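# Have a look; sequence and predicted model below, questions after that.
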Amino acid sequence: MGVESLEKLKLGDMNIFVGKNDNGKSTILKALNAFFNDKFIFHDVYKNTPDGEVTEITVRFKSDNNINSLALDNEGYICLTKKFSINNTGKLKKDKFYTCLDFEYETIRNSWGVKEADLNNILTSLSIEFSRSGRGVTNLSKIEKLQEHTGEYPKLLVQHIDDEYSKNLAKQYPGLTFPGYYLFDAEQNLNIGATEFQNQFKPIVTNSLQSNTELTSQIEANVQNDLELEFDIIANLMKKNVPNLEKIKPDISYKWDGLVKFGLNLKFSGEDHEIPITHKGTGFKRLLMVAYFEYLSQKETAGLQIFGIEEPETYLHPELQYELLNSILEISDYSQFLVTTHSPVFAGATQKNNIVVVKKEEGKSTYNTYNNNNDILDEVINELGIRPNFNLINENYRKIIFVEGKGDCLFWECAISKLTDYVNNDILFIPCGGEQVEFFVNASLCQKLHRRFIFILDSDKGAVDFAAKLENKRELKTKIEDMGGEFEILRKREIENYYHRDAIIRIIGESITIPDDFIIEDYSDIKEEIKSKILSQNRTNFKAKNNMSIFNEMTREEWCSVGFQLEDGDTDLISIVNNIIS
């Protein structure tokens, strides 16, 4: 039956929808596709919709621009609504509206949704003196003058047809852009030939054609000459019956950019032949999909982007799931993601209040968020049927260490080998970060087995959302200690802040110059520093994140020097390694 009604579902940068099959996880993603891209068909109508009612989708945005209050709803949001209906012939009808906190009096409403002449009439009806044109005179200045003279007028929430509203907003606030929405559904085989994919690269094709006008002009001239020669023969044959016919001249039109359509062939190191991407597995295409999303979000012409992905874990090995997740998380710093999943890897990839548990009750989908962390964890664990890592039962592993990701496992294994002579054969590193529900399943098993464990977390100091992460760490520390575990936290931002500059120089060699202003500070974003100051010089396979070649290259002395100095004379790395070993 689907969604009968859903109100005020709040979304963050990274949003995870979990639930059993056919509960309605994908419905939200497809509803947004209907809103942004008008992808709405007959079967999208809720089956119990009474006659005369329409399918309505409302999206509200909080803008960084200082938007005039008459353009916003009662909570200061841009509020847009699309209403879809399908007539008896199956034709789609779409109407667009905006909602704002407007005047009670109908004659002066909708100042943001009318043309300039109508706005002038509103001001005239109130006997407000105003300039119709001139320097600084805009629709916005006229609306502000309207507000000055109506400050005491009562207001109420009103919905208007969006005939001019969106255009007026874009005109008055040039920096305001509405997001683009891209949906990658679970059944989709990334179609390189699809119009949406090809259109993203049309500017490149157009620019190339414009820079080759001499060549295309020559081709056009050759085609013209060849056709004229052939039609001269035809004209001579026609003269038998049409004596006064002098010439038949072909009139040719060219649309060069329409001729260009491309596929993708892949060349791998160590292989002699290229492979069409159509011959690669669906899992590989999903990795291309994320790289494509990253391309869209980083384009200079790109506005805000929202990406909907259904079940990104499908067809992927668990290790690749972590790699894919890391890529998505990096992109989510400047784009918004909505992800449906059955995977605990992805289910724990966000703040708890951005997890939505989708259930179906009496045929209707419900979307549940929880204020209590324990409630949401229990629900997610139950919905996904998460099972613990049964290596925990293996008594050969006497030391259980939980870390955030696979890269952290490798980092600490390297730290132990570089900083000590300890032979690591009894330490089990489990990558399931503090935001991941999988951790709590494994920690609960440790508690039942009376096994001690340590949890190691990045400090995240310097991150944009550090305050929120710090509060989560406090809650996590209390929870871990209540379960009998220990909590360790790096003093620097993340493991990349422990790179040694000299090791990077030795790995890169002389092909790339390391600029003097590339300094590895305790709380800076080293990944971005590497991208902007090193990788920007040249195309290279050098990794900015989780680069184990750097850590393996570092000497014991360099490992000692990169640690954060503690009051007792040790570094944070040495202190944590000693705690692990003991």
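The structure has been received and is ready for your questions. Residues are numbered from 1 along each chain as shown.
# Quickly find the element holding residue 323.
Using DSSP states H and E, residue 323 maps to helix 318-331.
# helices or strands up against that helix?
helix 282-298, strand 336-341, helix 344-347, helix 406-419 (3 or more Cβ pairs under 8 Å, 6 or more residues apart in numbering; DSSP states H and E). Backbone N, C-alpha and C define where each C-beta goes, glycine included.
# Does residue 521 belong to a helix, a strand or coil?
coil (DSSP: H, G, I helix; E, B strand; the rest coil).
# and of the helices and strands packed on helix 318-331, who's closest to residue 19?
strand 336-341 (8.2 Å; Cβ to Cβ).
# before we move on, back to that, just send the helices and strands packed on helix 318-331 back as JSON lines, with distance to residue 145 too.
Shown next, in JSON lines, are these (distance: least, Cβ to Cβ, whole Å):
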{"stretch": "helix 282-298", "distance to residue 145": "40"}
{"stretch": "strand 336-341", "distance to residue 145": "36"}
{"stretch": "helix 344-347", "distance to residue 145": "51"}
{"stretch": "helix 406-419", "distance to residue 145": "58"}
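# wait, which of the ones you listed is closest to residue 162?
strand 336-341 (22.2 Å).
# Give me the mean pLDDT for the closest one.
For strand 336-341, mean pLDDT is 88.
# Just list what that strand packs against, helices and strands only.
Looks like strand 336-341 contacts strand 14-18, helix 25-37, strand 305-310, helix 318-331 (3+ Cβ pairs under 8 Å, 6+ apart).
# Just the buried positions in it, please.
336, 337, 338, 339, 340, 341 (16 or more other Cβ atoms under 10 Å).
# ok now stretch 168-185, how far from the chain's centre?
15 Å (Cα atoms, centre = their mean, to the nearest Å).
# Straight-line length of it, end to end?
34 Å (Cα to Cα, to the nearest Å).
# Count the residues that sit near residue 359.
Using other Cβ atoms under 10 Å, residue 359 has 15 other residues around it.
# repeat for residue 343
Neighbours around residue 343, by other Cβ under 10 Å: 22.
# thought residue 432 was touching residue 453?
No - if you go by Cβ atoms under 8 Å, residue 432 and residue 453 don't touch, sitting 11.6 Å apart.
# Can you pull the residues that touch both of those two?
residue 402 (Cβ atoms under 8 Å, 6 or more residues apart in numbering).
# for the closest residue to residue 517 other than its chain neighbours, what are its contacts?
Spatial nearest neighbour of residue 517, excluding adjacent residues (Cβ to Cβ, 6 or more residues apart in numbering): residue 533 at 7.0 Å. Counting by Cβ under 8 Å, 6+ apart, residue 533 makes contact with 514, 515, 517, 518.
# Ends of stretch 38-58, what's the gap?
Distance between the two ends of stretch 38-58: 13 Å, counting by Cα to Cα.
# how near is residue 61 to residue 11?
Look at residue 61 and residue 11: by Cβ to Cβ, to the nearest Å, they are 11 Å apart.
# brain fart, residue 175
Relative to residue 11, and taking Cβ to Cβ, residue 175 is found at 22 Å.
# Pretty sure residue 177 sits against residue 169.
No - between residue 177 and residue 169 there is no contact under Cβ under 8 Å: 10.1 Å.
# Those two: which is more packed in?
residue 169 (22 against 13).
# so which strand or helix has that one?
helix 165-172.
# Residues contacting that helix, please?
Taking Cβ under 8 Å, 6+ apart as the rule, helix 165-172 contacts 67-68, 71, 78, 80, 96, 98, 112-113, 138-140, 176-178.
# Need the pLDDT of the residue nearest to residue 517.
84.
# And residue 413, by the same measure?
The per-residue pLDDT of residue 413 was computed as 94.
# Could you give the backbone dihedrals for residue 92?
Per-residue torsions, residue 92: phi -80, psi 130 (degrees, to the nearest 10).
# Test my guess that it contacts residue 40.
Yes - the pair residue 92 and residue 40 qualifies as a contact (Cβ under 8 Å) at a distance of 6.0 Å.
# Give me the more crowded residue out of those two.
residue 40 (22 against 14).
# how about the nearest residue to the more buried one, chain neighbours excluded?
residue 34 (4.2 Å).
# Now do the contacts for the one you found.
Counting by Cβ under 8 Å, 6+ apart, residue 34 has contacts 40, 44, 57, 82, 84.
# cool, and residue 19?
Contacts of residue 19 (Cβ under 8 Å, 6+ apart): 25, 357, 358, 359, 360, 383.
# let's see it at 6 Å
25, 358, 383 (Cβ atoms under 6 Å, 6 or more residues apart in numbering).
# Which one (most neighbours) among those?
Among the contacts of residue 19, residue 25 has more neighbours than the rest - 26 neighbours, counting by other Cβ under 10 Å.
# For that one, give its distance to residue 386.
In terms of Cβ to Cβ, residue 25 sits 17 Å off from residue 386.
# Ok, residue 460 next?
25 Å.
# what number of residues lie near residue 524?
The burial count for residue 524: 16, using other Cβ under 10 Å.
# and it, that's in a helix?
No - using three-state DSSP, the secondary structure at residue 524 is coil, not a helix.
# Look up the closest residue to it, ignoring the ones flanking it.
Closest to residue 524 by Cβ to Cβ, 6+ apart is residue 462, at 6.3 Å.
# mind checking the SS state of that neighbour?
State at residue 462, reduced to three classes by three-state DSSP: coil.
# tell me which element residue 98 is part of?
Using DSSP H and E, residue 98 falls in strand 92-103.
# no wait, residue 225
Using DSSP H and E, residue 225 falls in helix 213-238.
# in that helix, what's buried?
Result for helix 213-238 [16+ other Cβ under 10 Å]: buried residues residue 235.
# and what of stretch 473-489?
473, 476, 477, 479, 480, 485, 487, 488, 489.
# quick one: secondary structure of residue 113?
Put simply, residue 113 is coil when judged by three-state DSSP.
# Quick check: it touching residue 160?
Yes - with contact defined as Cβ atoms under 6 Å, residue 113 reaches residue 160; the gap is 4.7 Å.
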